[in-house]
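Visitor: A structural model of the following input is requested.
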Amino acid sequence: MSDPHRPDSAAQSRVDTGCTNLHWCAALLDGLMASGLRLLVLSPGSRSTPVVLAAQQRSDLDIVPILDERSAAFFALGAACASNRPVALLATSGSAPAHWYPAVIEASEAAVPLVLLSADRPPRLRNWGANQTIDQTRLFGAFVRENHDPGLPSPYPAALKSVRALGLRAGKISLAPHPGPVHINLAFEEPLVPTSNCFGTAESTASQAAISQLPTAQSATIPPAESNAAAFSAGDPASLALPAGPGLIICGPGSFDSVFASTLKCAARRHCLPVLADPLSGLRFGPESDDIITCYDALLRNPEKKVALRPTWVLRFGRAPVSKRLGEWLNGIPTILIDPGSGWSDPNHDVELRMHCDPNRVCANLAASPRVRGNADADWTIAWLNAERRMREQVDRYLTQADWFEGHIIRTLLARIPSEEALLCANSMPIRQLDTWSGQRIDHLSLFGNRGVSGIDGQLSTLAGINHAGPPCWALLGDLSLCHDLSGLLQSKRNKRPIIVINNGGGRIFDYLPQHGLPGFELLWRTAVDIDLGTLAASVGLHHARIETALAFDLVLDQALDQAAGTSNAAMMIEILLDGDRSRDLHQEFWESIASDLPGEGCR
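Guide: Okay, here's the model as predicted:
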């Protein structure tokens, strides 16, 4: 008895494999776009042709070709961070998708939604020595939320409906409950290019009829994270009871908006809780930042403050903060972690209550709950705010008398970036400099940084992705971060704002670590790169300015801002030459001064 859902053998023999591939990919993309995906970043290749052909049929899909797969992956990472939407990556078979690996790891650890589409040869060729064929089915191991290998495309309506559902599922899983990458391995038989017009045929009509049967994105939405929280949470946010004794609110890296900032401020004031904000929380920069503690890393260099300001418990939003000193100081303190995903950001293993729920709901409930804390808790908050104020004054005094170094660069840059724009801060020294010297600003500024695994790779490509999908974004990089992503310079014309490069002669973070002074230090750790950044910038058509003084920095920023006001595009490279040894001496001088001279009044 024949199956009514399957064509007979004669009909099957007439099926154009190229058309089958195309319809299959069209169904997959339809599902992905139903999940909210709007950007496909691809690197050229043959085996991925069916996906490219299907993507060309979608006027509502933004397609960005990038030659280097590694750069493409970081571009997609930046775009996903800026848009809060899933972004798809596409590459051909073989080693090509392996070049995504660093960005995939970052996306996994930083909870960034990516959909990885690796084209593949047919399964019959795997493990038989066929050209450009490896086992790609679980290429990314534990760093993806799901792996899928749906097999070869099929013309059957049920199969097309299934692959559309897979696209919708992949996009939604990348967003919740624990955002991150999802991998779909797509095997294709040749011919990869249809031999006939696939659209308007009977097969095309059947395909559209099949995929139209799937529910819309709205009705197929995966439940939010809090619905899956029972195994991890101690209850609803409304039931959260704060412990007794002096506590702190810590806001680590995360996507916190102005609504959260406002409700957090109300909750903190109501319950007399100081708020320490990591630079990548974004809470240091905006109209609600007046009570935010930013100088904690400096405060903790003072032995008296280190003891007097130690809490008995912590309420943390977001991932673990950038500051290693803060993390070590908090070691052993019971912590409540509010995490909207299903992550386990607990490097000190001190989390005693983990709630997977909306941070806005937690703050709103705390702001509306009765105040049960007394005068001692108010004194505790006043002590923190007084210590913060005095430390800011000391920082300001030091900056007025010290030679020009990173502290001045950070302050000047943050003061000049216009409201509602963004800054990408690279890892190693730049993010630590930002943490130490940023202070606050009333105008809103979005901060980006790849702190999932804190690599110095892919910074220029990430920047291009942010500029493509988000607000105009500046960049603050070190010379090694720039050199680590030279292929990302090919995307530099997509940028709308300057790249500021602190050229201090290599990996200066090691000047502050135990490796400093070891035999072979210059060659094996600092690894200075002898390269003319002006020539490098010119090779990709990027204007370059090399400066060595505060006045020159102000003038070149004036030029960039004037250009941005006129054309909305001020892409350029500003290279700042600094004496790394002198910078290290200035930092040591400042740290010694705050460790010994900071007044002790105002502490509990």
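
Visitor: Every contact and neighbour count from this point should use C-alpha atoms.
Guide: OK.

Visitor: Pass me the low-pLDDT residue ranges in the protein, would you?
Guide: Low-confidence segments of the chain, defined by pLDDT under 70: 1-15, 199-235, 238, 342, 373-375, 568, 597-604.

Visitor: longest single helix anywhere in it?
Guide: Secondary structure of the chain per DSSP state H: the longest helix is helix 375-401.

Visitor: buried stuff in that helix?
Guide: Using 16 or more other Cα atoms under 10 Å as the burial criterion, the residues of helix 375-401 that qualify are 377-385, 387-388, 390-392, 394-396, 398-399.

Visitor: and what of stretch 573-592?
Guide: Applying a neighbour-count criterion of 16+ other Cα under 10 Å, the buried positions in stretch 573-592 are 573, 574, 575, 576, 577, 578, 580, 583, 586, 587, 590.

Visitor: who touches that stretch?
Guide: For stretch 573-592, contacts defined as Cα atoms under 8 Å, 6 or more residues apart in numbering pick out 298, 301, 398, 402-403, 405-406, 498-505, 508, 511-512, 533, 537, 542-548, 556.

Visitor: Can I get the buried part of the residues you listed as one PyMOL selection?
Guide: For anyone working in PyMOL, the buried entries among the contacts of stretch 573-592, judged by 16+ other Cα under 10 Å, can be selected with:
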select buried, resi 298+301+398+405+406+498+499+500+501+502+503+504+505+508+511+533+537+542+543+544+545+546+547+556
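
Visitor: In strands only, show me the contacts of stretch 573-592.
Guide: Helix and strand membership here follows DSSP state E; of the contacts of stretch 573-592, those in strands are 499, 500, 501, 502, 503, 543, 544, 545, 546, 547.

Visitor: Next, the residue nearest to the last one when sequence neighbours are not counted: secondary structure please.
Guide: Computed as Cα to Cα, 6 or more residues apart in numbering, the closest residue to residue 547 that is not its neighbour in sequence is residue 576, at 5.1 Å. Under the three-state scheme (DSSP: H, G, I helix; E, B strand; the rest coil), residue 576 adopts strand.

Visitor: Could you double-check that residue 462 sits in contact with residue 80?
Guide: No. Under the contact definition of Cα atoms under 8 Å, residue 462 does not touch residue 80, with a separation of 9.7 Å.

Visitor: Please identify which of the two sits among more neighbours.
Guide: residue 462 (32 against 25; other Cα atoms under 10 Å).

Visitor: I'd like the buried residues of stretch 573-592 written out as TSV, with distance to residue 411 added.
Guide: Formatted as TSV, these follow (distance: Cα to Cα, whole Å):
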residue	distance to residue 411
573	19
574	16
575	17
576	15
577	17
578	16
580	18
583	16
586	16
587	15
590	16
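
Visitor: Now do the same contact list for residue 594.
Guide: 298, 299, 301, 302, 394.

Visitor: can we see that at 10 Å?
Guide: When contacts are counted by Cα atoms under 10 Å, 6 or more residues apart in numbering, residue 594 is found next to 298, 299, 300, 301, 302, 303, 391, 394, 395.

Visitor: In which helix or strand does it reside?
Guide: When elements are defined using DSSP states H and E, residue 594 is found to belong to helix 580-597.

Visitor: Go through stretch 19-33 and flag the buried ones.
Guide: Using 16+ other Cα under 10 Å as the test for burial, stretch 19-33 gives 19-33.

Visitor: Stretch 46-66 too?
Guide: In terms of neighbour count (16+ other Cα under 10 Å), stretch 46-66 has its buried residues at 47, 48, 49, 50, 51, 52, 53, 54, 55, 63, 64, 66.

Visitor: Quickly name whichever of those residues is closest to residue 39.
Guide: Proximity of these to residue 39 was ranked by Cα to Cα; the top entry is residue 63 with 6.0 Å.

Visitor: what about residue 460, distance to residue 573?
Guide: 11 Å (Cα to Cα, to the nearest Å).

Visitor: again with residue 406
Guide: 17 Å.

Visitor: Please apply the same query to residue 369.
Guide: Applying Cα to Cα, the value for residue 369 to residue 573 is 50 Å.

Visitor: go on, residue 21?
Guide: Shown here: residue 21 relative to residue 573, a distance of 44 Å by Cα to Cα.

Visitor: Residue 493 now?
Guide: Between residue 493 and residue 573 the distance is 11 Å, computed by Cα to Cα.

Visitor: Would you indicate which residues of stretch 255-275 are buried?
Guide: Residues 255-256, 260-275 are the ones in stretch 255-275 that count as buried (16+ other Cα under 10 Å).

Visitor: got it, and stretch 287-297?
Guide: Buried residues in stretch 287-297, counting neighbours by 16+ other Cα under 10 Å, are found at 288, 289, 291, 292, 293, 294, 295, 296, 297.

Visitor: In strands, which of those residues appear?
Guide: Checking those against DSSP E, those in strands are 292, 293.

Visitor: out of the buried residues of stretch 287-297, what pair is the most spread apart?
Guide: So for the buried residues of stretch 287-297, where distance means Cα to Cα, the most widely separated pair is 288 and 297, at 21.1 Å.

Visitor: The stretch 401-550 of the chain: strands as residue ranges?
Guide: Under the criterion DSSP state E, counting those that start in this stretch, strands of the stretch 401-550 of the chain are mapped to 422-425, 446-448, 473-478, 499-503, 543-547.

Visitor: what do residue 493 and residue 573 both touch?
Guide: Taking Cα under 10 Å, 6+ apart as the contact definition, residue 493 and residue 573 share the neighbouring residues residue 542.

Visitor: Is it correct that residue 251 is in contact with residue 321?
Guide: Yes. Residue 251 sits in contact with residue 321 when judged by Cα atoms under 10 Å, with a separation of 7.5 Å.

Visitor: Give the intersection of the neighbour lists for these two.
Guide: Between them, residue 251 and residue 321 share the neighbouring residues 276, 277, 278, 279, 280, 281, with contact defined by Cα under 10 Å, 6+ apart.

Visitor: Out of those, who's the most crowded?
Guide: Neighbour counts for the shared contacts of residue 251 and residue 321 were taken using other Cα under 10 Å; the highest belongs to residue 279, with 30 neighbours.

Visitor: ok, for that one, nearest residue in space, not its chain neighbours?
Guide: Nearest one to residue 279, counting by Cα to Cα, 6+ apart, is residue 435 at 5.8 Å.

Visitor: Quick check, the one you found in contact with residue 278.
Guide: Yes. Under the contact definition of Cα under 10 Å, residue 435 touches residue 278, with a separation of 7.1 Å.

Visitor: what touches both of those two?
Guide: With Cα under 10 Å, 6+ apart, residue 435 and residue 278 have common neighbours 294, 295, 296, 321, 322, 323.

Visitor: TSV for those, including distance to residue 108?
Guide: Shown next, in TSV, are the shared contacts of residue 435 and residue 278 (distance: Cα to Cα, whole Å):
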residue	distance to residue 108
294	28
295	30
296	29
321	17
322	18
323	21
